[in-house]
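Asks: Dropping the sequence and predicted coords here.
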6 protein chains.
Amino acid sequence: MLLHLSTWAEVGQYLERSRSIVVPIGSNEQHGPTGLLGTDWLCPEIIAYEAQKSADILIGPTFNIGMAQHHLGFPGTISLRPSTFMAAIGDWTCSLAGHGFEKILFLNGHGGNVASIEAAFSEIYAEASFAKRRSGFALKLCNWWDLEGVGELAREQFPTGHGAHATPSEIAITQWALPETIKTASYAPQIAPSGPIREALEFRARYPDGRMGSDPAQASQEKGGALVKLAAQSLIREMDAFSSESVPG
Amino acid sequence: MLLHLSTWAEVGQYLERSRSIVVPIGSNEQHGPTGLLGTDWLCPEIIAYEAQKSADILIGPTFNIGMAQHHLGFPGTISLRPSTFMAAIGDWTCSLAGHGFEKILFLNGHGGNVASIEAAFSEIYAEASFAKRRSGFALKLCNWWDLEGVGELAREQFPTGHGAHATPSEIAITQWALPETIKTASYAPQIAPSGPIREALEFRARYPDGRMGSDPAQASQEKGGALVKLAAQSLIREMDAFSSESVPG
Amino acid sequence: MLLHLSTWAEVGQYLERSRSIVVPIGSNEQHGPTGLLGTDWLCPEIIAYEAQKSADILIGPTFNIGMAQHHLGFPGTISLRPSTFMAAIGDWTCSLAGHGFEKILFLNGHGGNVASIEAAFSEIYAEASFAKRRSGFALKLCNWWDLEGVGELAREQFPTGHGAHATPSEIAITQWALPETIKTASYAPQIAPSGPIREALEFRARYPDGRMGSDPAQASQEKGGALVKLAAQSLIREMDAFSSESVPG
Amino acid sequence: MLLHLSTWAEVGQYLERSRSIVVPIGSNEQHGPTGLLGTDWLCPEIIAYEAQKSADILIGPTFNIGMAQHHLGFPGTISLRPSTFMAAIGDWTCSLAGHGFEKILFLNGHGGNVASIEAAFSEIYAEASFAKRRSGFALKLCNWWDLEGVGELAREQFPTGHGAHATPSEIAITQWALPETIKTASYAPQIAPSGPIREALEFRARYPDGRMGSDPAQASQEKGGALVKLAAQSLIREMDAFSSESVPG
Amino acid sequence: MLLHLSTWAEVGQYLERSRSIVVPIGSNEQHGPTGLLGTDWLCPEIIAYEAQKSADILIGPTFNIGMAQHHLGFPGTISLRPSTFMAAIGDWTCSLAGHGFEKILFLNGHGGNVASIEAAFSEIYAEASFAKRRSGFALKLCNWWDLEGVGELAREQFPTGHGAHATPSEIAITQWALPETIKTASYAPQIAPSGPIREALEFRARYPDGRMGSDPAQASQEKGGALVKLAAQSLIREMDAFSSESVPG
Amino acid sequence: MLLHLSTWAEVGQYLERSRSIVVPIGSNEQHGPTGLLGTDWLCPEIIAYEAQKSADILIGPTFNIGMAQHHLGFPGTISLRPSTFMAAIGDWTCSLAGHGFEKILFLNGHGGNVASIEAAFSEIYAEASFAKRRSGFALKLCNWWDLEGVGELAREQFPTGHGAHATPSEIAITQWALPETIKTASYAPQIAPSGPIREALEFRARYPDGRMGSDPAQASQEKGGALVKLAAQSLIREMDAFSSESVPG
C-alpha cells in the first residue's frame, strides 16, 4: 500500500491493523558516467514498491534528497546539509508518530546518509530522554544492501569492481525498473579508484568521473531484477520482525 | 528532460544550452474523502513531466513534503515546520545555483506552501543583500493554478464548489494521470464549509472530512486532462519568458 | 489603551474584560526620495493609536523592524532575516498568549512582511499541531490597506500612480500625523517603474530612487487624515468581529 | 537626527559626515505598581532624542523588546529569548554596518539585557574572528545610568530605595517626558525586597508587586528632567569619544 | 567527589544526600608569553578539586572550551561561538537537572565567558517562564576571583600589574598546581596595555603578546597556593549557602 | 606535546614543523556498576598522552562531553544533543583550521559519538562544498579500538564478554591509568544482555545496570597497560600516515 496514493481514511484503517511504515530514503547525486542522478532514491523506492505488492506493508513517500555534499562538484547533485536533513527527518518522524506509527523503518539507498540519519534518530530520541519520558516509537535505519542475503548476492554477481559508489548493483536495479533509461559509456580505468571522502572539490579531483571503486559496466537488468526480488522479500521479513518486536516497559 | 533520470554529464550539457530549471513542489497531506495524500506534489509533477515532453525544459526531482501543519490531524499527512522547509529550500537552491542554474522556478501545488516558500526566497536573497553582493540567480514561485489560463479553465469547469482544499481541479488531475487510484465517496454536505486555517485540531473540528469549500465529486479524468494540457503549455511559455528575462546590472 | 504606557496591573484588569490585542508591525526601510524610513511602522501605529481613542482596544508596542532585505541597498534600511523575524514573532506571541491573550491581530504596514508573518504563524501553530494539542489562541494578519473600505478609498484618491512601494497613501498618512517631517522632491519619472523583487543590489538597479510604481507627489495631509480615520473605524470593527469569533471545540 | 523620520538620501548624506549611530534599546516589561510597561525602552529613547536636539547625532529606531523572561509572570511583559534577541541584534548590526556605520552604540535601558547584548556582540565579532578578517565596525553597549555623572546624580537624588528594578530614577524619567501617564499607588513595603533573578514564577513569588529593592514613590518630574538633561549631555560626549576613537591596524 | 571518577550508582547515592554540584568552566585560549593555553579551565578545576578534598562536594567534569573569539588571533586558542556555548550549557544543565540536581554552580575561570553563561541561564529559564511552569533548579555563576576574600588577596599580592588577562594570579595558580609547566619570558612593556575587546585581529593589534594590563612575572607558586587554599574554602562556604537556600513558592 | 600546557608561542612553533593535531573526544556517561562516568573521554586521553611521550605529536584539550542521550536514565550522565555536539565540533575545527592545522584527527572513545561526529564533518565540509571552494583541511575520526592491532588484542584478551558498553577493555585502560579508582561489584548476569539502543528510559529497561553485552570483571591493570601501549604506538603511525597524506589538487 502506497501512502501517497491513499486517502487519509485508508491510512486510518491501516493504522487499525498495523503501526508500522517503511520510508524509502536516498539522495539525488551523480552516479558516474552512466548512473542516474536519482539512483539512490530510486533503488529503495523500487524495492519497497515491489515488497508491498505481496505483503500488507505501508510505504511512505520517498525522501529523495539526502546528504550528498561531497558530490556537489558534479552537475545535478542536490544535497541537504546534515543539519537540514536531520531537521527534516525529525519532522517526518514527528508527523508519522503523531498519527500513531510506532515502528518507522527508513529504507536507505545512500551510504552517505547513514551518519546523518542516525544522528537524526538520536536528536529525536533526545527529546524524550532529556524530558525523562518514553518516545513511544522505534526508528530503524536499514540500507537496502544490508537486507538479508542481498549483500551476498551482490558479491556473487560482482566479485570484483563492485566498489562503493556508482556500483553495478544499484545501477542494475534502475536498469531493471527503468530500462528506457539505460546508458552506456566506456570507463577508464575500468575499475575506479578508492579513497577518502571529504569536500566536493577534493572529491572530484580524486574521482574524476564520479565513480568510487566500481565498474558499472557489469550491471544488467537481469542482475537488477534478482536483487530487487530478493531485497523485497527480505524487507517483508524485516518488517515482520520489527513490527512484532516488543519494547520493554 | 528529467534530472533524476539523467547523468551528471547530461545535466552538464544541458547547462551549456540553458540555465533554467523547474522544481515541482507540493505537500503530502489529506485531501478529503477521495483525494490522494500525494495530490499536491503529484499535480505539479504531472504538469511538469507533461511540459518537458514537448519542450527542452529540465525538471528537477519533486519536493514532495511541504508545509501542512494544519492537516496533521488527519492520518497520513506529513509536514515540515516552516523553518525546516525554508532551510531545505535553501539547500536545494544553493545546490542548483552552485551548478550554474540562474533561473529556478518552483512549480507549486499547495497553497499552504506559498508563505514559507516566499519567506525562504527572502532568506536566501538576504545572504547576498546583507553582504552587499549579487546572488547570481533568480527564484520564482508559480502555483500551477496561476499558470496562464488555468484558473479560468477551472472556474469554467467548476463554477461552484471549487473551494480551496481537495478541489475538484486537483483531484481531476490525479484522476487523469493515475486512473487506477480513483476513489469515490458520498459527500455531506456536498460543498464543504469554508473558514480560517490555524492549528491542526481546530482545523479538523472545522472541516471534519478534510475538504474546504469544495465538491470533489465534480472531478473527472477529462477535465483533469484538459487542465494538464493547458497548464503544461503555459508552463513552457512561462519558462521561456523567465529564461529570457534579463537582470539589470 | 496603549500597553507600553500602562502598568502590569492595568493590563491584568484589561484581560478580565477582553482577551484581544492589536500589535502594529512594520518595517524600517527606504521609502523613496521623500518617504520616511519609518513609514511602514508609523502607519499601523498611527492607525492603531487613533482607533484606541474611541474604543476599548489594547494596542501593544510597535514591532518596528521587519523583513526588508530587498531594501538594504539604500542607507538607513534595517532588516531582519525571515528566520529572525519569525523567531521574534514567536516570542512576542508566546509572551502574549502566556498572559491569556487569545486573539492577537498584527496590523501590518509592509507588504514584504506578509510571507514571513504567515510563515511565523504556521511555525507557532505547528508546535501545537505536532503535539496534537490545541494552541489556545488565534493569530490574524491584517494589512492596514486591506481594512474594510481603505483600499477603495486609496484607489479613489490615487487612481494612477499608487504603485507598490513608497505609495502616496502611506506617505499621506505620515504627512497627516507628522506634518513637520514632510519632504519634497521632484520625481523622474513621475511614476516609478514596476517589476520583481529579489536581492538588494538588483532592487536598487531596477528602482534607482527606491519607489516602485508610485507617484508620492500625490500625497497630502488631508488624504492621509481621511485614510487614518477610515482605517481606525474599520480596525475597531475588525477587532470586534475577531474578538467575538468562537473557535470550534 | 532621527533615522526613522529621515529619508534614505538624508541618511546617505549623514554618512558622509559621520559613521556613528545610537540605537536606543530596552525592554517592555512590568515595572511595579506604577511604572509603565515601556519604561525600559522609553528611557533611552527619551535621552537619545534629547541629545540629538543639541548635537549632530543620528538616533536609530528604538529596539523596544529585550530579554525579560523573568518578568513574564506579570501581564503585559513581552520578552525575546536570548537567542532570538541575539539574532535580531545581529541583523540590526549587519544592516547598519552594511551602510557604512563603523561605530554603533546601543544605549540600553534594561539591566537584564546586558548579558545577551554582550553575547550578541561576541557572536557578531566571531564571524570575523573565525574567518581571520576584520569586522570593520566597533560595537558599544552603554547603559543610560552608566553615562558620566548619571549614576552619581541618581544616588544623590535617591540615597535609599533606588533598588534594581522599577527604580525611582527610571520612573522619574518617564514622568518628566510623559506627565500624562503618571500613576500612583501605596507601596507595601515601602522599599521592595532584593534577591536573585531566575525564572518568572519564582520571580513573582519573590517580588509580588514587581519591584526589586526600590521605592518608586520618590520619583518626580523634576528629578527625571535633571537626569535626562545630564544623560543627554553625557551621551553627546560619549559619542564624540567613541566616534573619534581610532582602531589599530 | 569527582563525578567523572565515580560510577552512576555512586552519583545516585550522592543525590540522596545532596542536590548540588559544581561545574568548573573556563576557556582554552592564549595567556600571554608564559601562560598556559589551558589556564582558564585549569584554575577553576584546581580550586574545585582542592575543595572536594575537605568537603562532601560533587565536582562535575570540566567544561574546558568557552567563549574566546577575541583570542583567535593567537595559535592554540579554541573558542565556541556564544550560541554554541549557550546550547552546550543548556544540554549540560538539562542533563544534570534531569538527574535531580537542583543547585548547579558554574565555577568560572574566564571573564569572557560571563555574558554568554548568563545569557545561557536566561535561555534555560525562559523555557519554564514562557511555559508558565517552575524550572525546578537554580543556576549560579561564580568567577573564582569573586569567591569571598580571593579578590582581596590577589590585590594584596599584586598591587600593580594584575591586569585583566594573563594575570599573575591565574598564572600563579597553574604554577602551584603544575610546577613542571612553569615558563619564563621577558616582558616588554613590563605591564601590558589595556583597552577594549572586540574581534580577534583588532585584539592582536592592540595586545601583541596577548596580555592585557598584566605583569605575569609577579606570579609565584607560593602566591598561587595561597589563592587556591583560600578559594577552595570560600567555595565550600559558597556551596553550603547555595545548597541551603530555599526557593519561594 | 599537550596543547593546554603550552603557550601560544609554543603552538606557533609547532605549526612551523607540523600541521597535524590529535583531539581526544569521548563522553561522560554511565559505564555499568564499576566503570567510571568519565571512561569514554579518559581512554582516548590516556592513549593520546602516552603517544606524545615518544613522538612529536600535539594533543589538544579533551572534548569530554559527547552524544550519550541513551544513557540519560542513569545518574551522572551528561549528554549533548547531536545538533549541539555538531555545532561544537564545528567551532573546534574552525578554531584549529584558522591557526593552520590541516590534519585534525579526533581520537574517539565512545561508539555513540560516531554518527554525530561524521555528520559534523559533513556539515563542516558542506560549507566549502556549497561555496565551491576548498576547505583546506582534512578531518579524520578514529576510534581507539580501531587503531591497528588494538581490536585484535582486545578480542584475544577477552574472547567472550567483551560486549559493546562498559567493556572490559575500556575499564582495563582506566584501571591501568587510575588504579586508585578501581571499583568492584558482582555482576548478574555475568555477561549483560545485548539489543538495540533508542531513548533513555527504554535503554534502562533493557540494560538495568548499564552494561551491554559485557563482563567488566575480566578487566585488569595489566591488560589495560598492554592496550594503551599498543594503541599509543598505533596512533603515532596513524598520525604519521595522516600527516604525510597528500591531498589532490
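Replies: Sure, I can see it.

Asks: Residue of chain A nearest chain D, please.
Replies: At 15.5 Å from chain D, A:Ser83 is the closest residue in chain A, using CB to the nearest CB. To be clear about C-beta, it is placed using only N, CA and C from the backbone, and glycine gets the same treatment.

Asks: any idea how far E:Phe85 is from the nearest residue to that residue once chain neighbours are set aside?
Replies: Closest residue in space to A:Ser83, ignoring its immediate chain neighbours: F:Glu123 at 5.9 Å, by CB to CB, 6 or more residues apart in numbering or on different chains. Distance, F:Glu123 to E:Phe85, by CB to CB, to the nearest Å: 18 Å.

Asks: quick one on the thing from earlier: how about the contacts made by the residue nearest to A:Ser83?
Replies: A:81-83, F:86, F:90 (CB atoms under 8 Å, 6 or more residues apart in numbering or on different chains).

Asks: could you flag which of those residues are buried?
Replies: Buried members of the contacts of F:Glu123, counted by 16 or more other CB atoms under 10 Å in any protein chain shown: A:81-83, F:86, F:90.

Asks: Tabulate the contacts of F:Glu123 in JSON lines, adding columns for secondary structure and pLDDT.
Replies: Below are the contacts of F:Glu123 laid out as JSON lines (DSSP: H, G, I helix; E, B strand; the rest coil; pLDDT from 0 to 100):
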{"residue": "A:Arg81", "secondary structure": "coil", "pLDDT": "98"}
{"residue": "A:Pro82", "secondary structure": "helix", "pLDDT": "98"}
{"residue": "A:Ser83", "secondary structure": "helix", "pLDDT": "98"}
{"residue": "F:Met86", "secondary structure": "helix", "pLDDT": "98"}
{"residue": "F:Gly90", "secondary structure": "helix", "pLDDT": "98"}
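
Asks: Looking at those residues, which is nearest chain B?
Replies: A:Arg81 (5.7 Å).

Asks: Go ahead and confirm the closest one touches A:Gln69.
Replies: Yes: if you go by CB atoms under 8 Å, A:Arg81 and A:Gln69 touch, sitting 7.1 Å apart.

Asks: where do the contact lists of these two overlap?
Replies: By CB under 8 Å, 6+ apart, the residues touching both A:Arg81 and A:Gln69 are F:122, F:126, F:130.

Asks: Could I get the full set of strands for chain A?
Replies: A:20-25, A:103-108, A:138-143 (DSSP state E).

Asks: Tell me, how many residues neighbour A:Ser95?
Replies: Residues near A:Ser95, counting by other CB atoms under 10 Å in any protein chain shown, number 25.

Asks: What pLDDT does the model give the closest residue to A:Ala55 other than its chain neighbours?
Replies: Distances taken as CB to CB, 6+ apart place A:Ile236 nearest to A:Ala55, at 4.4 Å, with adjacent residues excluded. Listed pLDDT for A:Ile236 reads 98.

Asks: With adjacent residues omitted, what lies nearest to A:His99?
Replies: Leaving aside its sequence neighbours, A:His99 is closest to B:Pro75 (4.6 Å, by CB to CB, 6+ apart).

Asks: does the one you found really touch A:Trp8, like I thought?
Replies: Yes: assessed by CB under 8 Å, B:Pro75 is found in contact with A:Trp8 at 5.1 Å.

Asks: shared neighbours of these two, anything?
Replies: Joint contacts of B:Pro75 and A:Trp8 (CB under 8 Å, 6+ apart) are B:Gln30.

Asks: Can you list the residue ranges for helices in chain A?
Replies: A:8-17, A:39-51, A:82-98, A:114-130, A:150-157, A:168-177, A:200-206, A:221-244 (DSSP state H).

Asks: what about the longest one, distance to the chain center?
Replies: To tie it back to what came earlier, the one meant is helix A:221-244. Relative to its parent chain, helix A:221-244 has a centroid offset of 13 Å by CA atoms, centre = their mean, to the nearest Å.

Asks: And the contacts of it?
Replies: A:18-20, A:22, A:46-48, A:50-51, A:53-55, A:57, A:103, A:105, A:107, A:138, A:140, A:142, A:144, A:147-150, A:153-154, A:157-158, A:168-169, A:171-177, A:179, A:182.

Asks: mind redoing it with 7 Å?
Replies: A:18, A:20, A:22, A:46-48, A:50-51, A:55, A:57, A:103, A:105, A:107, A:140, A:142, A:144, A:147-150, A:153-154, A:157, A:169, A:172-173, A:175-176, A:179 (CB atoms under 7 Å, 6 or more residues apart in numbering or on different chains).

Asks: okay, that helix in CSV with CA atoms only?
Replies: Provided in CSV are the C-alpha atoms of helix A:221-244 (Å, rounded to 0.1, in the frame of the first residue of the first chain):
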residue,chain,number,x,y,z
GLN,A,221,18.7,-5.8,-16.0
GLU,A,222,18.7,-9.5,-15.0
LYS,A,223,21.0,-9.0,-12.1
GLY,A,224,19.0,-6.0,-11.0
GLY,A,225,15.8,-7.9,-11.1
ALA,A,226,17.3,-10.7,-9.0
LEU,A,227,18.5,-8.1,-6.4
VAL,A,228,15.1,-6.4,-6.3
LYS,A,229,13.1,-9.7,-5.8
LEU,A,230,15.4,-10.8,-3.1
ALA,A,231,15.5,-7.5,-1.3
ALA,A,232,11.8,-7.1,-1.4
GLN,A,233,11.3,-10.5,0.3
SER,A,234,13.9,-9.7,2.9
LEU,A,235,12.3,-6.3,3.5
ILE,A,236,9.0,-8.1,4.2
ARG,A,237,10.6,-10.3,6.8
GLU,A,238,12.5,-7.4,8.3
MET,A,239,9.2,-5.5,8.7
ASP,A,240,7.5,-8.6,10.2
ALA,A,241,10.3,-8.8,12.8
PHE,A,242,10.4,-5.1,13.5
SER,A,243,6.6,-4.9,13.8
SER,A,244,6.4,-7.7,16.2
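
Asks: Please point out which parts of that helix sit buried.
Replies: A:221, A:223-228, A:230-236, A:238-239, A:242.
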